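Student: this one's structure only:
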Ligand SMILES: Nc1ncnc2c1ncn2[C@@H]1O[C@H](COP(=O)(O)OP(=O)(O)OP(=O)(O)O)[C@@H](O)[C@H]1O
């Protein structure tokens, strides 16, 4: 029998963690010269949820990503990560704090093996767990951790293959695995399904679903079937502003969204 304290309500703590906002933007604006690319955007990204940022070309999605990861400074507004104000923090520091962005396939080394790619990622600056072990000469720890990571994404059988020889979808899985080496609290994915066929889309969607069990995922995605299937919450941008937000049913039934983005023929 499970014993609980008088004041404890089983499940409440878990609910609190799951409801937790880990990344937020308030009144985020970015001008380029006289042009406002992002205008008063407010976002709350929650732990253990998949949040999509969608919108037509030029809506400001990439600029929002660049602002959140600090590759761009906002003209005004505030960004908070895990209750810390990161509005003026450097990109390297926000990455160390747990906000990690995945850059599609170009981020992997094609002539290294799958395992070597993960080892490189594990040895990146900021990966304190591994730096702690290496001076002790425990290189096996690195290999073990790399294999664990490969198992967690289903690439363990390809550990000795050259990354260049992987299928397109598996290259994407490997790339996401390299970002997991940093143990992000918030993972930003820029069009993770770009250029992929159906089977690969299912494989990567499954991985994202798994990854989001223990962290927040914010993704820019054009494939609306993926968004419908995978994402808990959707923010629709248009001309730098939030046009609509909510779950897929809410945004896909919004007349303004139908007109501006989806077209009325999308089911
Ligand atoms: N460095 C820049 N200088 C000037 N204008 C820029 C700059 N970066 C983006 N813009 C403009 O800001 C607007 C938003 O661009 P952004 O790339 O964020 O849109 P997006 O939603 O990511 O589009 P896409 O889906 O085509 O990638 C566009 O009109 C773009 O031309």
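Tutor: Happy to help now that I have it. For clarity, every value in this text was computed on a predicted model and none was experimentally measured.

Student: From residue 181, how far off is residue 204?
Tutor: Counting by CB to CB, to the nearest Å, the separation of residue 204 from residue 181 is 17 Å. No exception for glycine: its C-beta is placed from N, CA and C like everyone else's.

Student: looking at this, residue 183 is in a strand?
Tutor: No: remark: residue 183 does not belong to a strand; assigned using DSSP: H, G, I helix; E, B strand; the rest coil, it is coil.

Student: Distance check, it against residue 152.
Tutor: According to CB to CB, residue 183 and residue 152 sit 12 Å apart.

Student: again with residue 231
Tutor: Per CB to CB, residue 231 is found 22 Å from residue 152.

Student: got it, and residue 59?
Tutor: Note on residue 59: its distance to residue 152, by CB to CB, is 34 Å.

Student: Neighbour count for these two, which is higher?
Tutor: Taking other CB atoms under 10 Å, residue 59 and residue 152 do not tie; residue 59 has more neighbours (24 against 14).

Student: Give me the secondary structure label for the nearest residue to residue 21 once chain neighbours are set aside.
Tutor: Nearest non-adjacent residue to residue 21, counting by CB to CB, 6 or more residues apart in numbering: residue 44, 4.7 Å away. Secondary structure assignment for residue 44 (three-state DSSP): strand.

Student: show me the contacts for residue 44.
Tutor: Listed by CB atoms under 8 Å, 6 or more residues apart in numbering, the contact set of residue 44 reads 21, 23, 24.

Student: Can you tell me which of those lies closest to the ligand?
Tutor: Proximity of those to the ligand (CB to the nearest ligand atom) peaks at residue 23, which lies at 17.9 Å.

Student: Would you agree that closest one is in contact with residue 216?
Tutor: Yes: the pair residue 23 / residue 216 is scored as a contact, 6.5 Å apart, by CB atoms under 8 Å.

Student: what sits in contact with each of those two?
Tutor: Common contact partners of residue 23 and residue 216 (CB under 8 Å, 6+ apart): 45, 186.

Student: Where do the helices of this structure begin and end?
Tutor: Taking DSSP state H to define them, one finds helices in the chain at 12-18, 61-68, 91-97, 114-122, 128-133, 139-153, 168-180, 198-211, 224-230, 248-252, 255-257.

Student: and the last one, which residues are buried?
Tutor: Spelled out, that is helix 255-257. Neighbour-count burial for helix 255-257, counted by 16 or more other CB atoms under 10 Å, picks out residue 257.

Student: Run through the residues that contact residue 214.
Tutor: If a contact means CB under 8 Å, 6+ apart, then residue 214 has residue 48 as its contacts.

Student: One more pass at 10 Å, please.
Tutor: Residue 214 sits next to 47, 48, 183, 184, 185 when contact means CB atoms under 10 Å, 6 or more residues apart in numbering.

Student: from the residues you listed, which would you call buried?
Tutor: Buried among the contacts of residue 214 (16+ other CB under 10 Å): 47, 48, 184, 185.

Student: ok, the first one to residue 217 distance?
Tutor: It stands for residue 47. Computed as CB to CB, the residue 47 to residue 217 distance reads 10 Å.

Student: Stretch 193-201: end-to-end distance?
Tutor: By CA to CA, to the nearest Å, the extent of stretch 193-201 from end to end equals 6 Å.

Student: Ok, stretch 227-236 next?
Tutor: Using CA to CA, one end of stretch 227-236 lies 11 Å from the other.
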